[in-house]
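Student: Here is the input, now give the coordinates:
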Amino acid sequence: MADLVNYEGKRVLVVGGATGMGAAAAQKAAGLGAHTIVLDIAEVSYECDQYIHVDLGDQSSVDGAVRAIGAPVHAVLACAGVADGTGNLMLINFTSQRHLVEALVKGGKLGRGSSVSFISSAAGMGWMSNLDQVKDFLATPDWDTAAAWIDENEGTDSYMFSKQAINGYVAAQALPFLQKGIRINSIMPGPTDTPLARANADLWLGFGAAYREAADVPTLVPEQMGDTLLFLSSDAASGINGVNLLVDQGHTNASLVDSWDDPLIKVMAGMMDFDPAMFGMDE
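Tutor: Next up is the predicted model:
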């Protein structure tokens, strides 16, 4: 099994790798022998083989980063993400990373035997109940039409919709990418102790706290997400494709089948309408 998760000599590209889950994944990949290329707007504080400054809200910056990436790339870990209230949220969380991945494929830098692994979120689990809107957005063929679609559809420049878009994209590209010899998957983390989560601690780290207390487990950490990303991108997961994998200690599924009572999970999954009174909130 160790040979199947061996990254010796492989080139791993980490988008959004300066901090959090991306940084954990990049450092773990390097520890497994990978040549690491890290893209971020922030400086990288750890050793990597190549750092490329990129503004994911600017197409020309992303195109410049694509040109700076050498071939071949064996694994792309698309880890960039920002919270609600951040400008260019959909560009950063989804559109730019789709653009980058597809440019690498088109340019022959990401070829047969390679893989793509996104970081989505448990917040995007409702993508199937919102499938028509997700598919309509994913039908946009390029950066400009995707940005225009977001401007025209109220409420979609949001964290939740960005993660629904990732999940839908992974499913939609499973066959087309596989026909090119490329696997694509995502992980859907539950609350994880990252700098982004700490900046939104009441909402992000408070979510599921009662479940974790009842299960007597700690909050997840970035290294656990890095491990899962690297597994999905390795030969050990060669048969896994088009999957959005929950990494949340069972919180979601336990709530969906009522072995744990968390109605917010059912709201997020599209199984229940949001009722403020149910959560002790005023209309």
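Student: Residue 212 contacts residue 249, correct?
Tutor: Yes. Shown here, residue 212 and residue 249 form a contact pair, counting by CB atoms under 8 Å, at 7.0 Å. C-beta coordinates here come from the backbone N, C-alpha and C atoms, glycine included.
Student: tell me which element the nearest residue to residue 93 once chain neighbours are set aside is part of?
Tutor: Leaving out its chain neighbours, the residue that sits closest to residue 93 by CB to CB, 6 or more residues apart in numbering is residue 162, at 3.6 Å. Using DSSP states H and E, residue 162 sits within helix 159-178.
Student: Report the distance from that helix to the chain centre.
Tutor: 10 Å (CA atoms, centre = their mean, to the nearest Å).
Student: which residues are in contact with that helix?
Tutor: 81-84, 89-90, 93-94, 98, 105, 116, 118-121, 123-127, 130-131, 134-135, 137-138, 155, 183-186, 188, 241-244, 268 (CB atoms under 8 Å, 6 or more residues apart in numbering).
Student: again, but for stretch 45-61
Tutor: 15-18, 23, 26-27, 30, 35-41, 43-44, 62, 64-65, 68-69, 80, 87-88, 91-92, 96-97, 99, 143.
Student: Report the buried members of these.
Tutor: Among those, those classed as buried by 16 or more other CB atoms under 10 Å are 15-18, 23, 26-27, 30, 35-40, 44, 62, 65, 69, 80, 88, 91-92, 96-97, 99, 143.
Student: Do you have the helices of this structure handy? List them.
Tutor: Assigned by DSSP state H, the helices in the chain fall at 20-31, 59-68, 89-90, 96-106, 131-138, 143-152, 159-178, 195-199, 201-204, 209-215, 222-232, 251-256, 263-268.
Student: roughly how far is the second one from the heart of the chain?
Tutor: Computed by CA atoms, centre = their mean, the chain-centroid distance of helix 59-68 equals 20 Å.
Student: coming back round to it: mind putting the helices of the chain into CSV with distance to residue 11 and mean pLDDT?
Tutor: Listed next are the helices of the chain as CSV, based on distance: least, CB to CB, whole Å; pLDDT from 0 to 100:
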stretch, distance to residue 11, mean pLDDT
helix 20-31, 10, 98
helix 59-68, 13, 98
helix 89-90, 28, 98
helix 96-106, 11, 98
helix 131-138, 28, 98
helix 143-152, 25, 98
helix 159-178, 18, 98
helix 195-199, 26, 89
helix 201-204, 32, 84
helix 209-215, 37, 96
helix 222-232, 14, 98
helix 251-256, 34, 96
helix 263-268, 36, 90
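Student: Comparing the ones you listed, which comes out most buried?
Tutor: Mean neighbour count (mean count of other CB atoms under 10 Å) peaks for helix 20-31 among the helices of the chain, with a mean of 24.
Student: Run through who's touching it.
Tutor: Contacts for helix 20-31 (CB under 8 Å, 6+ apart): 7, 12, 14-17, 36, 38, 40, 44, 46-49, 75, 77, 79-80, 119, 189, 192, 194-196, 221-223, 225-227, 229-230.
Student: quick one: it to chain centroid distance?
Tutor: 14 Å.
Student: returning to what we had before: and the helix holding residue 162 with helix 143-152, angle?
Tutor: Here the directions of helix 159-178 and helix 143-152 differ by 150 degrees (axes from the mean of the first three to the mean of the last three CA atoms, to 10 degrees).
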